[in-house]
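[1] Whatever this is, show me its structure:
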Amino acid sequence: MGNTRKKSLLYDIYEWVETLFLPFVFIVLIMTFTARVSRVDGRSMEPTLHDNDYLIISNLFYEPDYNDIIVLQAVSLHNEMFETGKPIVKRVVGLPGDRIYVDSIGGIVYRNNQPLETVERGGVIYEDGHMINDYTFSGELEVVVVPEDSVYVLGDNRMNSLDSRSPTVGTVNKNYIVGKAIYRILPFSYLGDLY
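    Numbering: from 1, shown residues only. A predicted model of the protein is given here:
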């Protein structure tokens, strides 16, 4: 009888561990390989994103594309507060092999000798279909050829963004991409799609 109780108790413990452990492992696997939450730290993506916005990001089968909003994590990259090792959020402007040039007088970004379409509507500047805070003025820049397995990134707040225009960031190897931002979850007033 005592042996049966021991087996029953062990079975009950096993059931509890299995009940609690398997969902935990499942959640960890989902968060590791499909989606996770990231916080925007700083103003470099205004007007699209704001400081302390929370995003769902995914890296499942992700291949960077133009205008993707991505989260980068790398010890050598600095955020706008010059802190290293923290995630930074930027927009993909150049892919491997692209020639990127920023016209420091006209504030226009050129990709492969073609200007990114820039229009003003209702006092808002749109570049390549998305809002930016200002034209892209940034001193004298040379043509940058994006290396293989790298991307060229800019913040939407062009006058207040530490991005590929800066030597402290430069072009970013794809290994440093944590994932693509797919949905904003906080604040609730801005809940929704990013594009």
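
[2] Now do stretch 145-163: distance from first to last residue.
    End-to-end distance for stretch 145-163, by CA to CA, to the nearest Å: 15 Å.

[3] If you average the pLDDT over it, what comes out?
    The average pLDDT for stretch 145-163 rounds to 93.

[4] How far does it sit from its chain's centre?
    11 Å (CA atoms, centre = their mean, to the nearest Å).

[5] What of stretch 99-115?
    Distance, centroid of stretch 99-115 to centroid of chain: 23 Å (CA atoms, centre = their mean).

[6] show me where this protein has strands.
    Secondary structure of the chain, counting by DSSP state E: strands at 35-39, 54-58, 69-72, 88-94, 99-102, 109-111, 114-115, 118-121, 124-127, 130-132, 144-145, 150-154, 172-173, 177-186.

[7] just the CA coordinates of the fifth one, formatted as CSV?
    What follows is strand 99-102 as a C-alpha-only set of coordinates in CSV (Å, rounded to 0.1, in the frame of the first residue of the first chain):
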residue,chain,number,x,y,z
ARG,A,99,25.2,52.4,-53.5
ILE,A,100,23.9,54.9,-50.9
TYR,A,101,24.6,58.6,-51.1
VAL,A,102,23.1,61.4,-48.9
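
[8] packing partners for that strand?
    strand 109-111, strand 144-145 (3 or more CB pairs under 8 Å, 6 or more residues apart in numbering; DSSP states H and E). (C-beta placed from N, C-alpha, C; glycine too.)

[9] what residues does it touch?
    Identification of contacts with strand 99-102 by CB atoms under 8 Å, 6 or more residues apart in numbering yields 93-94, 108-113, 136, 138, 141-146, 152, 164-165.

[10] my guess is Y54 contacts V71, does it?
    No - in this structure, Y54 is not within contact of V71 by CB atoms under 8 Å, at 11.5 Å.

[11] hang on, the earlier thing: now distance to L20 too, for the strands of the chain, in a markdown table please.
    Below are these laid out as a markdown table (distance: least, CB to CB, whole Å):
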| stretch | distance to L20 |
| --- | --- |
| strand 35-39 | 21 |
| strand 54-58 | 25 |
| strand 69-72 | 30 |
| strand 88-94 | 34 |
| strand 99-102 | 50 |
| strand 109-111 | 51 |
| strand 114-115 | 56 |
| strand 118-121 | 53 |
| strand 124-127 | 49 |
| strand 130-132 | 44 |
| strand 144-145 | 51 |
| strand 150-154 | 40 |
| strand 172-173 | 39 |
| strand 177-186 | 26 |
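
[12] Alright, I will stop here.
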